[in-house]
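Peer 1: Here is the input, now give the coordinates:
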Amino acid sequence: MKIYTVKPDTDFRFIYPEDSVYRSEDWEFKCKPLAGVLPLNFQAYFQESDSDPIPDIAWLGMSTFAFKDEVAEYLLDILEDCGELLPFTVNGQTWYCLNVLQKADDALDTEKSEYKYNEGGIKFGLKNIALNADKLPASGLFKIKGDNYTTTFCIDDQSTDEGVLGSFFCAVASGKFTGVKFEEVPLA
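Peer 2: As a prediction, this is how the structure comes out:
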């Protein structure tokens, strides 16, 4: 089994929601349901760029990932198992933002993980993450409380057919979808 952080690929354009949504107090993807909280079918736009291509999976509002309609449909079982898909519109096309609800709060190995500190010595983020394999969900995408639910992690367990079929990592690779990168996280 491998664990990855899911990161935006900066070689592709990002998406930003309309200002009223982006600046609202509800624009937080911290493992709490947002269906009925965020406006249904809000509008969004791609960052200005003449050279960066539009991805299949885009980083949305510096907070979460968004999926083209057909990509969301291809990944539907995996995405719905770990969270909720919220529709919005970009240039008349339907996209879905992912709100990850699956948590693994006890999975962070605090002794093997390293934190970033500000000049006053206060922790403000994780620099190096180590996770306990026995405290992880069986499959899918998840977040942890130890980094304030900001990082999206994915489990890649190719030891069983179910593990392969439920792997976001494998599905992105098999679909050849653009817009995300994966960085392996050490297991404690």
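
Peer 1: The residue with the largest distance to the centre of the chain: which element?
Peer 2: For the chain, the residue at maximal distance from the C-alpha centroid (CA atoms, centre = their mean) is residue 120, at 30.3 Å. Remark: residue 120 resides in no helix or strand, with elements defined by DSSP states H and E.

Peer 1: Over to it: give its phi and psi.
Peer 2: phi -90, psi 0 (degrees, to the nearest 10).

Peer 1: ok, it - contacts?
Peer 2: Residue 120 is in contact with no residue at all, counting by CB atoms under 8 Å, 6 or more residues apart in numbering. The way it works is simple: take the backbone N, C-alpha and C, and place the C-beta from them, glycine included.

Peer 1: swap in residue 11?
Peer 2: Per CB under 8 Å, 6+ apart, neighbours of residue 11: 52, 53.

Peer 1: which SS class is it?
Peer 2: State at residue 11, reduced to three classes by DSSP: H, G, I helix; E, B strand; the rest coil: coil.

Peer 1: picking up where we left off before, how close does the residue farthest from the centre of the chain get to residue 148?
Peer 2: 18 Å (CB to CB, to the nearest Å).

Peer 1: Helix or strand with the lowest mean pLDDT in this structure?
Peer 2: strand 123-128 (a mean of 78; mean pLDDT, DSSP states H and E).

Peer 1: Run through the strands of the chain in chain order.
Peer 2: 2-8, 15-17, 42-46, 57-60, 64-68, 83-90, 93-100, 114-117, 123-128, 141-142, 152-156, 180-185 (DSSP state E).

Peer 1: now those as a markdown table including distance to residue 36?
Peer 2: Listed next are those as a markdown table, based on distance: least, CB to CB, whole Å:
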| stretch | distance to residue 36 |
| --- | --- |
| strand 2-8 | 26 |
| strand 15-17 | 16 |
| strand 42-46 | 13 |
| strand 57-60 | 19 |
| strand 64-68 | 17 |
| strand 83-90 | 10 |
| strand 93-100 | 12 |
| strand 114-117 | 35 |
| strand 123-128 | 30 |
| strand 141-142 | 22 |
| strand 152-156 | 22 |
| strand 180-185 | 27 |
